[in-house]
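# this one's structure only:
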């Protein structure tokens, strides 16, 4: 049994979604599609209860605390977020997933990957901070959430795609407040986008449907909308990370439109694109 | 539409298994567990039918040809095996999976990841060269094949494990001839090993149960058996890659027993161990 374990979990930007609440947090979730990124969250777990540190400062992430309470072993957790918090990168889900795998490595009663994913999904749903990031992050690549919920309930497929991704962040947006509001326009737009993506599961279709979703769902932030328009004028395609004030685009579409974005890549899914 | 695509697919060593034949190749498969490796198969697909090249020489891999026949687009395929052929690394499955993803990138009618995995699984089963490598390779990490068959039929979980792996190869073994023989001892040993691993899904349990399986199933090669004994005498644990004359071990267990093995690592599964 090692006394310390470090794991990396990719960030996940959702392009479009429909919320699927349920009483059972393992059944609750969302459908939709997104990209997992080589930028993401690094979690180090050590034996001994010395609390949680987030980016060097003592702090708490509710989904992480909920994960830890499921284990017998007392641990300390260090989270390096790697991407902006509250900006649509699924940081809470990634931190919860990392805490689950890290703590498991120190625990005398090992669990399987799917059991750990269920634990982290439940924690993120119960904390109200995510409905589908955990199952997407556990799959990697460009996940399509076909049916909501944790392993054993949900179903995740993927767009066979890799390559460079760029993003630009303007700040936070509250996932909780959006999910607590009227979801009918969001869900209608999300269901349509998913059906169209499944008929043609390519990165191009994903970006196109994501861009349309942001407008149809009434979620488009003004500043992000301006970026999307400018990229379109330059012949590219960008959309908004759900739910955050972040614009993202494949390849060099933000750079080519004159912006100075952060550069990352889609993680390996079923295979690694070279 | 690009005119060339290169993808990497990990090798997969099975530690133990039980064969689950069925008339429908998508339902057929195996249960068991193994490790996917950062050593593996690189497949480059180009537009235009100029045949298949394997490690620089014109050649054919039946599972690859079967995959190609499912696409409209005519392509040429270059396979770099990266690991020994016929030695228990799932090269045919990896080549089939790589050919499916590579050709899809050039095809005007895109398919999802799960559709491509189904295509490659069917091809490997129909060619008689594999029963579970493709679904394991598509998951990554240390896959536990809980239920046999392609996505939509089978179920794959994983051991939450990463780190260094070593291997030593003595040559080929025919998967076809073993699968065509009496499977009762193999299947009994494989079912028992799977139940025990699922009760305690750790790398230690996987290695221990794999070593026991090789003997109980009557599959142990003499030379590989000698290596396993020598590693055990040195306080380590090694087992045999199913189905090949290959010994593999976690960490430095082959080196520590005085061998000069090839060094590789477990690929990232649901998370990346650092």
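It's in. Computed from a predicted structure; not experimentally measured.
# The closest residue to chain B within the stretch 151-274 of chain A bridge partners, please.
Nearest residue of the stretch 151-274 of chain A to chain B (Cβ to the nearest Cβ) works out as residue A:158 at 3.6 Å. C-beta: built from backbone N, CA, C; applies to glycine. On the basis of DSSP bridges, residue A:158 is bridged to residue A:143.
# That one contacts residue B:112, doesn't it?
Yes - counting by Cβ atoms under 8 Å, residue A:158 touches residue B:112, with 6.5 Å between them.
# overlap in contacts of those two?
Shared contacts of residue A:158 and residue B:112, defined by Cβ atoms under 8 Å, 6 or more residues apart in numbering or on different chains, are found at residue A:144.
# What is the three-state secondary structure of residue A:14?
strand (DSSP: H, G, I helix; E, B strand; the rest coil).
# Based on its surroundings, how many neighbours for residue A:181?
By other Cβ atoms under 10 Å in any protein chain shown, the residues close to residue A:181 number 11.
# Kindly report the same for the one 3 residues further on.
Counted with other Cβ under 10 Å, the burial measure for residue A:184 works out to 9 neighbours.
# re earlier: mind listing what the residue of the stretch 151-274 of chain A closest to chain B touches?
Here residue A:158 is in contact with A:139, A:141-144, A:269-270, B:112-114 (Cβ under 8 Å, 6+ apart).
# so what's it scoring on pLDDT?
The per-residue pLDDT reported for residue A:158 equals 98.
# Tell me the spacing between it and residue B:241.
Using Cβ to Cβ, to the nearest Å, residue A:158 is found at 28 Å from residue B:241.
# Spell out which residues of the stretch 51-200 of chain A are next to chain B.
A:97-98, A:101, A:104-105, A:110-117, A:137-141, A:144, A:151, A:157-160, A:198, A:200 (Cβ under 8 Å from any Cβ of the partner chain).
# For whichever residue of the stretch 1-150 of chain A sits closest to chain B, list the residues it contacts.
Chain B sits closest to residue A:113 of the stretch 1-150 of chain A, with a gap of 3.6 Å, by Cβ to the nearest Cβ. Residues in contact with residue A:113 (Cβ under 8 Å, 6+ apart) are A:138, B:141, B:157-160, B:201, B:269-270.
# ok, how many other residues are close to residue A:216?
Around residue A:216 there are 18 residues (other Cβ under 10 Å).
# residues in contact with the residue lying closest to it once chain neighbours are set aside?
Excluding the flanking residues, the one nearest residue A:216 by Cβ to Cβ, 6 or more residues apart in numbering or on different chains is residue A:189, at 3.9 Å. Residues in contact with residue A:189, defined by Cβ under 8 Å, 6+ apart, are A:16, A:18, A:212-213, A:216-217.
# before we move on, what SS does residue A:189 have?
Taking three-state DSSP, the label given to residue A:189 is helix.
# and the longest strand for chain A?
Identified as the longest strand of chain A according to DSSP state E is strand A:29-47.
# Mind listing what's buried along that strand?
A:29-47 (16 or more other Cβ atoms under 10 Å in any protein chain shown).
# quick one: the strands in the stretch 151-274 of chain A?
In the stretch 151-274 of chain A, strands defined by DSSP state E, counting those that start in this stretch lie at A:155-159, A:164-171, A:239-240, A:245-250, A:262-265, A:272-273, listed in chain order.
# Please identify the most buried of those.
strand A:239-240 (a mean of 30; mean count of other Cβ atoms under 10 Å in any protein chain shown).
# And for the spatially closest residue to residue A:20 that is not a sequence neighbour, the neighbour number?
The shortest distance from residue A:20 to any non-neighbouring residue, by Cβ to Cβ, 6+ apart, is to residue A:148 (3.8 Å). Close neighbours of residue A:148, defined as other Cβ under 10 Å, add up to 24.
# Is residue A:148 in contact with residue A:25, as I believe?
No - with contacts counted by Cβ under 8 Å, residue A:148 stays clear of residue A:25, the gap being 11.1 Å.
# lowest-pLDDT helix or strand in chain A?
helix A:175-180 (a mean of 77; mean pLDDT, DSSP states H and E).
# did I read that right, residue A:138 in a helix?
Yes - membership of residue A:138 in a helix is supported by three-state DSSP.
# how about it, what does it touch?
So residue A:138 contacts A:97, A:113, A:117, A:120, A:151, B:270-271 (Cβ under 8 Å, 6+ apart).
# Ok, residue A:44 next?
Taking Cβ under 8 Å, 6+ apart, one finds A:4-6, A:77-78, A:102 in contact with residue A:44.
# got the residues you listed as CSV, with pLDDT, neighbour count and secondary structure columns?
Shown next, in CSV, are the contacts of residue A:44 (pLDDT from 0 to 100; neighbours: other Cβ atoms under 10 Å in any protein chain shown; DSSP: H, G, I helix; E, B strand; the rest coil):
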residue, pLDDT, neighbour count, secondary structure
A:4, 95, 15, strand
A:5, 97, 22, strand
A:6, 98, 18, strand
A:77, 98, 25, strand
A:78, 98, 20, strand
A:102, 98, 29, helix
